[in-house]
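A.B. asks: test case, fold it:
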Amino acid sequence: MITIDLAPRSANGDFSTSGLSRFLNRARLAVGLRGEVDVLLTGDATLRQLNKTFRAKNKPTDVLSFPAPSEFAKKHAGDLAISLETAARQATTYGHTLRDEIKVLILHGLLHLSGEDHEADNGEMATREATLRHELRLPATLIERTATASPKKTSSRKSSSRPKATSFAVAVERPPHLARTTSKARSGKTKRGSK
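C.D. replies: Alright, predicted model coming up:
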């Protein structure tokens, strides 16, 4: 079962959980994940705590991916945690809806759950994410946004003191008891994917 927890409730209601659940299933199948994925939609404080606990980075981020151990992956591929507050800022910065930003973050997180790592590959994840973005009718992907120049500004909004997303740290970490052995891990380096 796919779980989407809407905390905090103060976030803009620009999306429906049923619509996001349908998207999550479509994207999960497009990525090739067989197991179910649980998604936690929460705030910056929770993402900061998770980021600190599992990545030793004391700052909020937009999405964290937690792959399940391989023996469970066919039934449960893993979990995603997304900050609605960061997603809302990024949506404003890039001129699209919060719903679309959450979908971009879900797709990016699913690719990490499938084993993709944009920091360790030669652009394979970026290429795959761009292809899936077009297939799923999404705006620019996280990798594309960070690789291009400045974001689009919406002209209908006044310039305000709203915080702008200055970096799009996408974190992928496995809790220590879920760590998979990789060639990097075997050589003594930990496998972490963050922008």
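A.B. asks: can you show me the CA trace of stretch 16-28 as CSV?
C.D. replies: Written as CSV, here are the backbone C-alpha positions of stretch 16-28 (Å, rounded to 0.1, in the frame of the first residue of the first chain):
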residue,chain,number,x,y,z
SER,A,16,-4.6,15.5,-3.9
THR,A,17,-3.2,12.4,-2.3
SER,A,18,-5.2,10.2,-4.7
GLY,A,19,-3.7,12.0,-7.7
LEU,A,20,-0.2,11.7,-6.3
SER,A,21,-0.8,8.1,-5.5
ARG,A,22,-1.8,7.4,-9.1
PHE,A,23,1.3,9.3,-10.3
LEU,A,24,3.5,7.4,-7.9
ASN,A,25,2.3,4.1,-9.3
ARG,A,26,2.7,5.2,-12.9
ALA,A,27,6.2,6.5,-12.2
ARG,A,28,7.2,3.5,-10.1
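A.B. asks: now that stretch: buried residues?
C.D. replies: Buried residues in stretch 16-28, defined by neighbour count with 16 or more other CB atoms under 10 Å: Leu20, Phe23, Leu24, Ala27, Arg28. (Each C-beta comes from the backbone N, C-alpha and C, glycine too.)
A.B. asks: format those residues as CSV; extra columns: secondary structure, distance to Leu50 and pLDDT.
C.D. replies: Converted to CSV, the buried residues of stretch 16-28 look like this (DSSP: H, G, I helix; E, B strand; the rest coil; distance: CB to CB, whole Å; pLDDT from 0 to 100):
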residue, secondary structure, distance to Leu50, pLDDT
Leu20, helix, 20, 92
Phe23, helix, 23, 95
Leu24, helix, 19, 96
Ala27, helix, 21, 97
Arg28, helix, 21, 96
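A.B. asks: dump these into TSV; add distance to Leu110 as well.
C.D. replies: Below are the buried residues of stretch 16-28 laid out as TSV (distance: CB to CB, whole Å):
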residue	distance to Leu110
Leu20	13
Phe23	10
Leu24	8
Ala27	6
Arg28	6
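A.B. asks: now the strands for the chain?
C.D. replies: All strands of the chain, identified by DSSP state E, fall at 4-6, 36-42, 63-67, 76-83, 170-172.
A.B. asks: the second one pairs with which strands?
C.D. replies: Here the strand partners of strand 36-42, with direction, are listed using DSSP bridges: strand 4-6 (parallel), strand 76-83 (parallel).
A.B. asks: how big is the angle separating that strand from strand 63-67?
C.D. replies: Relative orientation of strand 36-42 and strand 63-67, computed by axes from the mean of the first three to the mean of the last three CA atoms, to 10 degrees: 150 degrees.
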